[in-house]
Structure formats: structure tokens, C-alpha cells
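In: Next comes the sequence, and after it the predicted model I'd like to discuss.
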Amino acid sequence: MSRFSPSPAAGTVLTPDLCVVGAGAAGLTAAAGAAAFGASVVLVERGAMGGDCLNYGCVPSKALLAAAAAAQGAREAGRFGVSAGEPAVDFAAVRAHVRGAIEAIEPADSQARFEGLGVTVIRTQARFVSADALLAGTTTIRARRFVLATGSRPRIPDLPGLDTVPYLTNETVFDLAELPRHLVILGGGPVGAELAQAFRRLGSAVTLIARNRCLPREDADLAAIVRAALVREGVILREGAEAVRVEATPGGVHLHLGDGSAVEGSHLLLAAGREVRAGDLGLEVAGIAHNADGIRVDASLRTANRRVYAVGDAAAGMPRFTHAAGHMGGLVLRPILFRLPARMRPGAIPRATYTDPPLGQVGLTEAEARARGLDHRVIAVPFTESDRAWTQARTDGLAKFVVGRRGRLLGVGITGLHADEATGLFALALSRRMGLRDLSGFVAPYPTIAEIGRRAASAYFRPYAARRLVRATVSFLRRFG
Ligand SMILES: Cc1cc2nc3c(=O)[nH]c(=O)nc-3n(C[C@H](O)[C@H](O)[C@H](O)COP(=O)(O)OP(=O)(O)OC[C@H]3O[C@@H](n4cnc5c(N)ncnc54)[C@H](O)[C@@H]3O)c2cc1C
Ligand SMILES: NC(=O)c1ccc[n+]([C@@H]2O[C@H](COP(=O)([O-])OP(=O)(O)OC[C@H]3O[C@@H](n4cnc5c(N)ncnc54)[C@H](O)[C@@H]3O)[C@@H](O)[C@H]2O)c1
């Protein structure tokens with residue numbers, strides 16, 4: 001149990017083993033883990049417990065997408081011979097569902113739970129006042145080690161006119177009282193793509209502005225399938241479009257694009273990437289280096305100040321996902337508590353975008369393998385080869401296995417039905433350095449999308465089976481009865 005809980009009196013100086021700043025996925029994991037090992041822990045959070053994922057990110061977006069999928073299911077039921085028709089969407093009830101999902105998960109991240117674990121939770125802004133001391137309200141914390149898990153915030157683009165119009169970000173969009181008539185989304189990354197589909201399916205007109213293409217970080221063949229689904233459902237996609245100016249109109253906003261055209265909408269949602277909150281942490285005072293991408297860390301997630309680590313979205317150059325944040329929050333406990341080495345391997349972190357169809361990736365994409373000059377082959381398996389895809393009438397999918405020498409997996413990308421779940425399986429295979437031989441021997445339940453790994457293995461090994469020597473061996477062995 002912490003020697004300090006509950007909340008300290010004003011002016012107190014605390015000297016815990018560990019001080020964690022930020023109670024999102026990264027900070028909560030570090031705090032809970034350290035407390036479980038008997039370390040004294042102080043956790044400082046200035047906003048809502050649970051951070052972005054619970055309050056303004058993964059949870060509300062996935063809950064909104066689930067409501068949107070129900071609406072789309074009604075629209076598409078006809079292809080199964082079931083008639084439902086255009087659904088009536090009660091947006092207040094949708095919002096209640098989103099809120100309900102947050103409230104159901106909230107207790108796991110709550111101050112009460114963490115105090116129950118023995119963590120001292122201080123609900124205020126923290127900043128360094130020296131290389132080894134942090135000020136949280138009126139409490140000074142001189143910890144043996146610090147973990148900065150301060151997350152990121154939406155990047156507000158430098159767009160002329162933006163200061164004159166109302167706009168939404170992920171921090172406000174889930175609180176909308178009414179369904180937007182026409183939502184204009186700036187940014188075609190995962191936030192833009194997921195929310196474009198969610199609002200379109202719930203009944204809004206949606207225009208998505210993407211500087212390059214939709215889901216630019218993803219494999220082009222896989223992203224094209226998601227793109228086609230969005231367009232089929234009526235999302236107006238403006239790819240290769242640069243927003244250059246915005247102005248208010250009586251009905252909402254008027255967004256001017258670089259090619260001279262304009263888009264008119266009732267609401268504007270900014271989904272133009274993330275930036276790191278570093279300015280208000282007093283990093284300079286503590287000798288902690290940072291850049292536009294975040295707090296600079298080495299492979300063990302240590303900052304330029306040897307007492308201080310940075311994890312999650314706040315750490316520069318690291319993948320910005322909840323599971324990555326949680327992983328980093330646990331990883332830093334190795335050096336902090338046990339003086340063991342730790343090495344963050346960003347390349348091993350899988351990701352999924354929860355559009356329908358979802359898109360998952362782990363390891364290298366085909367373009368990344370090519371750019372690195374790796375000796376590789378790509379085995380592409382369309383979902384028309386999956387019996388499950390046929391039973392669900394969802395053959396709009398593709399899996400791409402990027403393999404190196406002797407069939408070793410370098411990366412797997414998959415879009416289609418249940419691709420998010422299947423990505424977890426392939427992430428395990430990659431983390432265990434498996435190859436297509438392992439996938440060929442893996443028995444998945446029938447009919448599931450996971451069987452697609454075996455399909456890829458069959459396609460890879462088929463030419464070997466056809467070799468003259470192999471055939472001659474089979475023929476020779478036949479003689480023995
Ligand atoms: C719309 C959206 C959907 C997303 N969906 C997914 C998804 O489906 N799956 C996925 O893996 N990822 C998703 N993400 C990304 C995911 O939300 C982040 O990667 C994750 O929340 C990062 O966790 P974190 O702990 O690093 O930071 P955060 O969750 O941002 O937590 C940081 C905390 O630090 C606090 N803080 C900051 N500065 C200070 C200070 N000086 N003093 C005290 N407290 C401070 C903040 O208040 C905040 O609570 C999504 C993001 C968005 C925006
Ligand atoms: N399913 C998930 O795991 C999930 C879901 C949502 C978000 N996230 C995380 O949240 C982070 C943020 O996502 P995001 O979608 O906001 O960011 P992003 O950086 O992935 O995409 C933003 C896009 O906006 C475009 N853009 C920026 N300014 C523009 C302009 N003026 N005109 C036109 N286009 C412009 C950029 O080119 C970029 O493609 C991601 O890094 C991701 O890791 C994850």
C-alpha cells in the first residue's frame with residue numbers, strides 16, 4: 001500500500017518511489033503495476049480519469065460505430081431476405097448508448113479504484129520545478145522516478161478563418177446534442193475515416209477532406225477497399241484536397257480547398273492529427289528534451305533526464321494507440337522497479353481501424369518492405385476464398401501476407417469482415433517470429449476468417465508440392481503399400 005494515500009494536505013512534500021503524470025491508458029498501467037509490486041505511487045491527473053481513450057477516443061468512437069452498424073444492418077438486411085428498411089435513428093438514444101459504454105468502463109479507471117490499489121491520486125495540473133521535483137497544485141513530489149504519460153491532443157491546423165468558426169474535435173464531437181445535417185471532416189486518418197462512416201450511417205451527409213488519400217498510412221490495396229465502402233455508403237470523399245481557408249455561413253461553415261472549389265456544411269470536425277502537450281509540463285526546467293512529435297525517449301523510454309520516462313502518446317516516435325500506451329506503461333516498470341533492461345519495439349505493435357470493413361496491420365506493409373529493400377514476397381488472399389465471408393455475404397476483403405526468406409512473416413495486413421480480431425492472431429504469430437509453415441499447421445475453427453492464414457500458406461507452398469523431386473518421393477513411397 002502507498003504510504004501517502006488518500007490525497008495529501010496542502011503544502012505537503014511527498015517522496016514516493018514513483019510519480020506518474022497522466023491517468024490515461026499509459027499512466028494507469030504504470031501506476032497499477034507499480035502499486036501491485038508494493039511501490040509507493042503518486043498519480044497526478046488534471047482532467048478526467050481514463051484519459052482520451054475512455055472519454056474522447058476509442059470507447060465513444062467504437063460505441064458510436066456500433067450504433068451506426070446497427071442502422072446499416074437494417075438497411076442491408078434485404079440481401080438476406082429480411083426486410084427492415086430505412087431505420088429511424090433517435091440520436092439522443094445513440095448518445096445515451098455512447099455515454100453508457102463510457103460509464104460501464106469508467107469504474108476500472110476511477111480514482112476510487114486506484115486509491116483502493118494504494119495509489120495516491122492528485123487531481124490537478126503537474127509541472128516540473130526542478131530536475132527532481134514536480135509541483136502538483138500545492139504538493140511537491142520528489143519521486144525516485146517519474147513517468148510522464150501526458151498524452152496528446154487534437155492538432156488544430158493553421159487554417160485562415162478557423163478562429164471565426166465553430167468547430168468540433170474528438171473532445172467535443174461525442175457530446176453533440178443533434179445529428180449534424182452535413183458534417184465536413186478535415187483529415188482522412190483513422191479518426192476521420194471512422195467518424196465519417198459512423199455519422200453517415202446514422203443519417204448525416206458527410207464530406208471527408210483528405211490531403212492525400214483516405215487512410216494514407218495503410219497499404220493502398222487494403223485502404224482502397226475501405227474507401228470503396230465509404231463511397232458506396234454515400235460519404236463524399238475529396239482526396240488530394242488541401243483545406244486552405246474557412247468561413248462561417250448562416251447555416252454552418254464554408255471550407256475552401258486548394259483547387260478553388262469549396263465545401264459547405266453544417267458542422268466542421270477537425271481530425272487532422274495529434275500534437276503533444278509538452279509546453280505546460282516545465283520540461284526545460286527538468287532538462288527533458290522534446291520536439292514537435294513529443295518527449296524524446298531512447299529505446300527504454302527514458303528521457304534526457306535519467307529519473308524520468310515518457311510513455312504513450314506523449315513519447316516521440318512511438319505508435320499512438322491505447323494498447324501501445326498500456327504496453328509502454330508496463331514496460332517502463334522493468335528498469336524502474338527491477339533495474340532490468342527494457343526495449344520498446346514499435347514495429348511489433350499491431351493496429352486496427354474500426355471502419356466496416358475494419359482494417360488491421362501488424363509488421364511491415366508491402367510498400368515498407370520494398371522501401372527497406374528486403375527480399376520479400378506478397379501472398380494476397382481475397383475474401384472470396386473465405387467460406388465465412390460467403391456465409392455472411394461479405395466478400396469485400398483482402399489479406400496481404402508479406403513474407404521473407406523461408407516464408408518468415410514480415411507483416412500482415414487485412415481488411416474485411418472481423419479483420420480487427422484476426423489481426424490479433426497474426427500479431428501473435430509475428431511476435432513469436434513465426435512463418436507460413438506455422439500458419440499451415442495451425443488449425444482454426446471452421447468457418448472463421450482466421451483460416452485465411454492457412455490459405456496463404458497453401459498458396460506459398462503449392463509450387464513446392466508440384467516439384468518433381470517431391471512428386472517422385474510420393475510416388476516412390478506409394479510402393480510400400
Ligand atoms: C477519436 C479517437 C479514437 C481512437 N480510437 C482508438 C482505438 O480504437 N484503439 C486504439 O488503440 N487507440 C485509439 N485512439 C488512440 C488512443 O486514444 C490513444 O493512443 C491513447 O488514449 C493514449 O493514451 P495515453 O495514456 O498516452 O494518453 P491520454 O489518454 O491522452 O492520457 C493522458 C492524460 O494526461 C493528463 N495530463 C496531461 N498533461 C498533464 C499535466 N501536466 N498534469 C496532469 N495531468 C496531465 C490528461 O488530462 C490525460 O488524461 C483513438 C484516439 C482518438 C482521438
Ligand atoms: N482505430 C484506432 O486505433 C484509432 C482510431 C482513431 C485514432 N487513432 C489514433 O489517433 C491518432 C490521430 O488520428 P487522426 O486521424 O486525427 O490523425 P492522422 O495523423 O492519422 O491523420 C490526419 C490526416 O489529416 C490530414 N490533414 C491534416 N491537415 C490537413 C489539411 N489542412 N487539409 C487536408 N488534410 C489535412 C493529414 O494529411 C492526415 O492524413 C492516430 O495517430 C491514431 O494512432 C487510432
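Out: Yep, that arrived. Ligands and ions are numbered 1, 2, ... in the order given.
In: what's the helix or strand of the chain at the bottom of the mean pLDDT ranking in contact with?
Out: Every helix and strand in the chain was compared by mean pLDDT, DSSP states H and E; the lowest is helix 468-478, with a mean of 78. Helix 468-478 is contacted from outside by Tyr464, using C-beta atoms under 8 Å, 6 or more residues apart in numbering. All C-beta atoms are positioned from the backbone trio N, CA, C, and that covers glycine.
In: can you pull out the strands in the stretch 301-450 of the chain?
Out: Taking DSSP state E, counting those that start in this stretch, the strands of the stretch 301-450 of the chain run over residues 308-310, 351-353, 359-363, 377-382, 398-403, 409-415.
In: okay if I get those as JSON lines plus mean pLDDT and mean neighbour count?
Out: Shown next, in JSON lines, are the strands of the stretch 301-450 of the chain (pLDDT from 0 to 100; neighbours: other C-beta atoms under 10 Å):
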{"stretch": "strand 308-310", "mean pLDDT": "98", "mean neighbour count": "30"}
{"stretch": "strand 351-353", "mean pLDDT": "98", "mean neighbour count": "22"}
{"stretch": "strand 359-363", "mean pLDDT": "98", "mean neighbour count": "25"}
{"stretch": "strand 377-382", "mean pLDDT": "98", "mean neighbour count": "18"}
{"stretch": "strand 398-403", "mean pLDDT": "98", "mean neighbour count": "24"}
{"stretch": "strand 409-415", "mean pLDDT": "98", "mean neighbour count": "27"}
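In: In JSON lines, list these along with distance to Lys62.
Out: Output for the strands of the stretch 301-450 of the chain, formatted as JSON lines (distance: least, C-beta to C-beta, whole Å):
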{"stretch": "strand 308-310", "distance to Lys62": "27"}
{"stretch": "strand 351-353", "distance to Lys62": "10"}
{"stretch": "strand 359-363", "distance to Lys62": "14"}
{"stretch": "strand 377-382", "distance to Lys62": "27"}
{"stretch": "strand 398-403", "distance to Lys62": "22"}
{"stretch": "strand 409-415", "distance to Lys62": "17"}
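In: for the ones you listed, which one sits closest to ligand 1?
Out: Ligand 1 lies closest to strand 351-353 among those, at 7.1 Å (C-beta to the nearest ligand atom).
In: The closest one near ligand 1 at all?
Out: No - Strand 351-353 lies out of reach of ligand 1 by C-beta under 6 Å from any ligand atom, never closer than 7.1 Å.
In: Does that strand pack against any helices or strands, and if so which?
Out: Where contact means 3 or more C-beta pairs under 8 Å, 6 or more residues apart in numbering; DSSP states H and E, strand 351-353 is packed against helix 190-202, strand 359-363, helix 419-431.
In: Is the first one in proximity to ligand 1?
Out: Yes - applying C-beta under 6 Å from any ligand atom, one finds helix 190-202 touching ligand 1 at Val191.
In: okay, the angle between that helix and strand 359-363?
Out: Here the directions of helix 190-202 and strand 359-363 differ by 160 degrees (axes from the mean of the first three to the mean of the last three C-alpha atoms, to 10 degrees).
In: Which SSE is immediately downstream of helix 190-202?
Out: Sequence-wise, the next helix or strand downstream of helix 190-202 (DSSP states H and E) is strand 205-210.
In: Need the residues that contact the helix or strand just after that next one.
Out: Downstream of strand 205-210, the next assigned helix or strand under DSSP H and E is helix 220-232. With contact meaning C-beta under 8 Å, 6+ apart, helix 220-232 is reached by 193, 196-197, 200, 208, 213-216, 218, 237, 353, 355-357, 359, 361, 367, 380, 396-398, 400, 413-416.
In: is ligand 2 contacted by helix 220-232?
Out: No - residues of helix 220-232 are not located near ligand 2 by C-beta under 6 Å from any ligand atom, the shortest gap being 11.2 Å.
In: and Gly347, what does it touch?
Out: When contacts are counted by C-beta under 8 Å, 6+ apart, Gly347 is found next to 363-364.
In: Please repeat the previous calculation with a cut-off of 7 Å.
Out: Counting by C-beta atoms under 7 Å, 6 or more residues apart in numbering, Gly347 touches Gly363.
In: that older thread, among the helices and strands packed on strand 351-353, which is nearest ligand 2?
Out: Closest approach to ligand 2 among the helices and strands packed on strand 351-353 is made by helix 190-202 (3.4 Å; C-beta to the nearest ligand atom).
In: Tell me what angle the closest one forms with helix 220-232.
Out: Going by the same axes, to 10 degrees, helix 190-202 makes 30 degrees with helix 220-232.
In: list the helices and strands helix 190-202 packs on?
Out: Other elements packing on helix 190-202 under the criterion 3 or more C-beta pairs under 7 Å, 6 or more residues apart in numbering; DSSP states H and E are helix 58-76, strand 182-186, strand 205-210, helix 220-232, strand 351-353.
In: Show me what counts as buried in the host helix or strand of Arg95.
Out: Here Arg95, judged by DSSP H and E, is contained in helix 91-105. Residues of helix 91-105 classed as buried by neighbour count (16 or more other C-beta atoms under 10 Å): 91, 94-95, 98, 101-102, 105.
In: Appreciated, that's everything.
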